[in-house]
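**Q** Sequence plus predicted model, see below.
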Amino acid sequence: MSRPKIALIGGGQIGGNLALLAAQKELGDIVIFDIPKAEGMVKGKALDIMQLRPHDGYDADISGTSNWNDVKDADIFIITAGIPRKPGMNREDLLGINLGIMKDVATNIKEQAPNAFVIVISNPLDAMVYAFHKVAGFSKKMVVGMAGALDSARFRTFIAMETGCSVQDVTCMVLGGHGDTMVPVTRLATVGGVPVEELIPSNRLEKIVNRTRFAGGEIVKLFGNGSAFYAPAQSAIEIAESYLRDKKRVIPCASLCEGEFGVDGYFIGVPSVIGAGGVERILEFELKEDEKAALNNTLEAVKKTVAETGL
Ligand code: APR
């Protein structure tokens, strides 16, 4: 059986790490696509990763290109095409530039691989995943935005740092949009099954929630130029692996809700079962009043950025 074909649209910071992680996990053959100006850069990255394979003994093929024909019939696309946030910019500031790029990317993917599974990472995520879906017209099961996986990983990291317990034993969920209004659900966060609300004083927990909300911006400020890339790449790979290996992991992803959690017609972060069928199911559950209010608040923010796309 041939290896799955993985197309990475955008071969910058996140794209390069996606290629490395996908190769190391032997998820399939990898094509890194970028604009003609960056073709040498992605060809170079591909060759560099090809040359580290002998150490690990994996055989996946990695190539770089700026020719859309080379991603024909890919099984999965991970899109990072666009510009990253600069200091002082919020994700919404990126909208104008990245929307034009996303429309072009969606049109080309539709032409090259109409049955692929697509993970969108480009920011502002909530608007970009919506735009991709609108322009490409793919089934809602085949399109997700990578947001909650990263936001939850950040929340888990800060809880592990606070409690001194293994990050592996921290579980939690961040719902809603991938902006400052996201909803880290403290009630459902646990350390080894013990509710964090019983382990961490409420004032400290509030600080952790806020740090999670602004975690992307914290890194943007530290970098001075560009945004986070290691954790975003790993978060998307988790989704890709669950799809390609039919793991049916439950991952908070920006999925198209049609009534779930009272949301209709928007991509928003919800617990999603990712398997061979794409987004196979959204796990809906009863929210408390304050959580409902927080979700409504984030939904309003998502609606606002989606409205700005004019789609
Ligand atoms: N088609 C393909 N690639 C494109 C296009 C296009 N039309 N336009 C730009 N790119 C490429 C750039 O040439 C660059 O190599 O997208 C890549 C983006 O890489 P970086 O600038 O390094 O950005 P990165 O840190 O990887 O973040 C990418 O993900 O998290 C989001 O906010 C982030 O929107 C940003 C995206």
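**A** Ah, there it is. Numbers count the residues shown, from 1 in each chain.
**Q** Please, where are all the helices along the protein?
**A** Counting by DSSP state H, the chain has these helices, from start to end: 13-24, 39-50, 53-56, 95-112, 125-136, 148-163, 202-213, 215-223, 230-244, 289-309.
**Q** okay if I get those helices as CSV plus mean pLDDT and mean neighbour count?
**A** C-beta here means a position set from N, CA and C on the backbone, and glycine is covered the same way. Listed next are the helices of the chain as CSV, based on pLDDT from 0 to 100; neighbours: other CB atoms under 10 Å:
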stretch, mean pLDDT, mean neighbour count
helix 13-24, 97, 23
helix 39-50, 98, 18
helix 53-56, 92, 10
helix 95-112, 96, 18
helix 125-136, 97, 26
helix 148-163, 98, 23
helix 202-213, 98, 16
helix 215-223, 94, 17
helix 230-244, 98, 22
helix 289-309, 96, 17
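**Q** For the ligand, find the nearest of these.
**A** Closest to the ligand of those, according to CB to the nearest ligand atom: helix 13-24, at 3.5 Å.
**Q** quick one, longest strand in the chain?
**A** Secondary structure of the chain per DSSP state E: the longest strand is strand 264-275.
**Q** That one - contacts with which helices or strands?
**A** Applying 3 or more CB pairs under 8 Å, 6 or more residues apart in numbering; DSSP states H and E, we find strand 264-275 packed against helix 125-136, strand 143-145, helix 148-163, strand 174-175, helix 230-244, strand 249-258, strand 278-282, helix 289-309.
**Q** Relative to Arg211, which of these is closest?
**A** Between Arg211 and the helices and strands packed on strand 264-275, the shortest gap by CB to CB is with helix 148-163, which sits at 5.5 Å.
**Q** Mind listing residues that contact the closest one?
**A** 166-167, 170-175, 178, 182, 184, 189, 191, 196, 199-200, 204, 208-209, 211-212, 215, 231-232, 234-236, 238-239, 251-254, 269-270 (CB atoms under 8 Å, 6 or more residues apart in numbering).
**Q** Make CSV from the helices of the chain and add distance to Asp75 to it.
**A** CSV is the format used below for the helices of the chain (distance: least, CB to CB, whole Å):
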stretch, distance to Asp75
helix 13-24, 12
helix 39-50, 18
helix 53-56, 20
helix 95-112, 12
helix 125-136, 15
helix 148-163, 20
helix 202-213, 32
helix 215-223, 29
helix 230-244, 7
helix 289-309, 27
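**Q** check contacts around Ile251.
**A** Gly148, Ala149, Glu238, Ile239, Ser242, Pro271, Ser272, Ile274.
**Q** switch the cut-off to 6 Å
**A** Applying CB atoms under 6 Å, 6 or more residues apart in numbering, we find Ile251 in contact with Ala149, Ile239, Ser272, Ile274.
**Q** just Lys141 next, same as before
**A** Neighbour list for Lys141: Gly278, Val279 [criterion: CB under 6 Å, 6+ apart].
**Q** circling back to that earlier point, now render the helices and strands packed on strand 264-275 as JSON lines, adding distance to Leu52.
**A** Conversion of these to JSON lines gives the following (distance: least, CB to CB, whole Å):
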{"stretch": "helix 125-136", "distance to Leu52": "30"}
{"stretch": "strand 143-145", "distance to Leu52": "29"}
{"stretch": "helix 148-163", "distance to Leu52": "25"}
{"stretch": "strand 174-175", "distance to Leu52": "33"}
{"stretch": "helix 230-244", "distance to Leu52": "16"}
{"stretch": "strand 249-258", "distance to Leu52": "27"}
{"stretch": "strand 278-282", "distance to Leu52": "31"}
{"stretch": "helix 289-309", "distance to Leu52": "39"}
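**Q** can I get the ones you listed in CSV with distance to the ligand?
**A** Formatted as CSV, the entries for the helices and strands packed on strand 264-275 read as follows, by distance: least, CB to the nearest ligand atom, whole Å:
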stretch, distance to the ligand
helix 125-136, 7
strand 143-145, 11
helix 148-163, 9
strand 174-175, 16
helix 230-244, 5
strand 249-258, 13
strand 278-282, 20
helix 289-309, 13
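**Q** Perfect, I'm done here.
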